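>>> Quick one, structure for this:
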Amino acid sequence: MSIVLQSLIAWITRTVMFGTVIMYGSLGETMTEKSGNLNLGVPGIMYLGAFGGFASAYYYSTLAENPSKILCILIALLCAFLASAFGGLIFSFLTITLRANQNVTGLALTTFGMGIANFFGVFVLDGSVSVKAEFANQAFKTPIPGLCRIPIIGDVLFSYGFLVYLAVILAVVLHFFLTKTKSGLNLRAVGENPATADAAGVNVSKYKYLATCIGAGISGIGGLYYVLDYNNGIWATTGNIENLGWLAVALVIFTTWKPLNAIWGSYIFGLLYWLYQYLPDIFGIYVPSDLMRMTPYVVTIIVLVVTSLRKQRESQPPAALGLSYFREER
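Alright, predicted model coming up:
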């Protein structure tokens, strides 16, 4: 196999895995923003989900005499979702009940989540610079039985862990929920005009709380996937989860708040992010890595400018995004 082909396959593989991390973060934030809440605490929430899932899987595999891969996966998923949903609950209480500024609260939540996760992740779990959950890593990396053995396409399309495919399924389900169900339409109404939705009998606070907490839980699964699959089951305080969290926020804008667009958008981000590493081997071009890693953000800015100039309503954010709702002013 030629070096070019090897580099191309490696590039695609890394793109899919990288895109999966930010797809979860983007889907969760999309659901949150559809309710009118702008949660900039996605990096911190992904940290909380990563720590909750990693710690539970690590302790289960260490303490259990005969650990089960399925049980390890279920425990990690549940703990990751609950830990990150707790971060969403904090954000909801401060911004919905107490009506605190959403931008400031989100940024504070990012710092809080990173600090809590890194402190407990290093000093409580092992006391060393990095910790590895070997058993959990094997459980999450295991390809789906049967599918990976399909001739020709099995090794290419079905060689990833199940969370890669779950992200795509989740994007489709979220699209259906937002466009075809009564609850989804009510949620969108809350994000567009909460006063009108309230007058129609929709419980605005309930929808905002549920959307923010569930959305945070979904984003936290991205942090779990990063630690137990993408990063080979290693917990280390490198700050990479924070970087991916901000990319997930940018991806929400890039996909114009549409869950289905997150599927291809996340993979485009992955292609652009890792382009610098494979340019020399595939295209014979060398570009400084720091410059190339700016590409996803630059593309997001271009998309934001273009959609703003076109002024298409379906490409704009929810009208009440980032605004606190005061019912007494209705």
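
>>> Which stretches in this structure count as strands?
130-132, 234-236 (DSSP state E).

>>> Buried deepest among those, which one?
Of the strands of the chain, the one with the most neighbours on average (mean count of other Cβ atoms under 10 Å) is strand 234-236, at a mean of 19. C-beta coordinates here come from the backbone N, C-alpha and C atoms, glycine included.

>>> I'd like to know how far residue 21 sits from residue 133.
Taking Cβ to Cβ, to the nearest Å as the measure, residue 21 and residue 133 are separated by 17 Å.

>>> between those two, which one's more packed in?
A side-by-side neighbour count of residue 21 and residue 133, using other Cβ atoms under 10 Å, places residue 21 first with 31 against 28.

>>> surely the more buried one meets residue 227?
No - applying Cβ atoms under 8 Å, one finds residue 21 not in contact with residue 227, separated by 9.8 Å.

>>> for the protein, where's the lowest mean pLDDT among helices and strands?
helix 154-157 (a mean of 62; mean pLDDT, DSSP states H and E).

>>> Dump the strands of the chain to TSV, plus distance to residue 81.
Formatted as TSV, the strands of the chain follow (distance: least, Cβ to Cβ, whole Å):
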stretch	distance to residue 81
strand 130-132	21
strand 234-236	18
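
>>> quick one: which of those is nearest residue 251?
strand 234-236 (23.9 Å; Cβ to Cβ).

>>> which other residues reach that closest one?
50-51, 54, 58, 121-122, 125, 129-133, 227 (Cβ atoms under 8 Å, 6 or more residues apart in numbering).

>>> Just the ones in helices from those residues, please.
Judged by DSSP state H, the subset of those located in helices is 50, 51, 54, 58.

>>> Between the contacts of strand 234-236, which sits nearest residue 12?
residue 227 (22.3 Å).

>>> What's the separation between the closest one and residue 45?
Relative to residue 45, residue 227 is positioned 14 Å away (Cβ to Cβ).

>>> just residue 36 next, same as before
18 Å.

>>> Between the two, point out the one with more neighbours.
The neighbour count for residue 36 versus residue 45, taken as other Cβ under 10 Å, is higher for residue 45 (37 against 32).

>>> I'd like to check which residues are in contact with residue 280.
residue 286 are the contacts of residue 280 under Cβ under 8 Å, 6+ apart.

>>> And it, how far from residue 294?
18 Å.

>>> Tell me where the stretch 201-330 of the chain has helices.
Here the stretch 201-330 of the chain has its helices, by DSSP state H, counting those that start in this stretch, at 204-225, 240-254, 261-273, 275-282, 289-292, 295-310.

>>> could I get these as a markdown table with mean pLDDT?
A markdown table is the format used below for the helices of the stretch 201-330 of the chain (pLDDT from 0 to 100):
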| stretch | mean pLDDT |
| --- | --- |
| helix 204-225 | 96 |
| helix 240-254 | 90 |
| helix 261-273 | 91 |
| helix 275-282 | 73 |
| helix 289-292 | 72 |
| helix 295-310 | 75 |
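
>>> for those, which one ends up most surrounded?
helix 204-225 (a mean of 26).

>>> just checking, what packs against that one?
Helix 204-225 is packed against helix 3-34, helix 42-63, helix 69-92, helix 162-180, helix 182-192, helix 194-199, helix 240-254, with contacts defined by 3 or more Cβ pairs under 8 Å, 6 or more residues apart in numbering; DSSP states H and E.

>>> Make TSV out of these and add distance to residue 322.
Putting the helices and strands packed on helix 204-225 into TSV (distance: least, Cβ to Cβ, whole Å) gives the following:
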stretch	distance to residue 322
helix 3-34	9
helix 42-63	14
helix 69-92	13
helix 162-180	19
helix 182-192	10
helix 194-199	12
helix 240-254	13
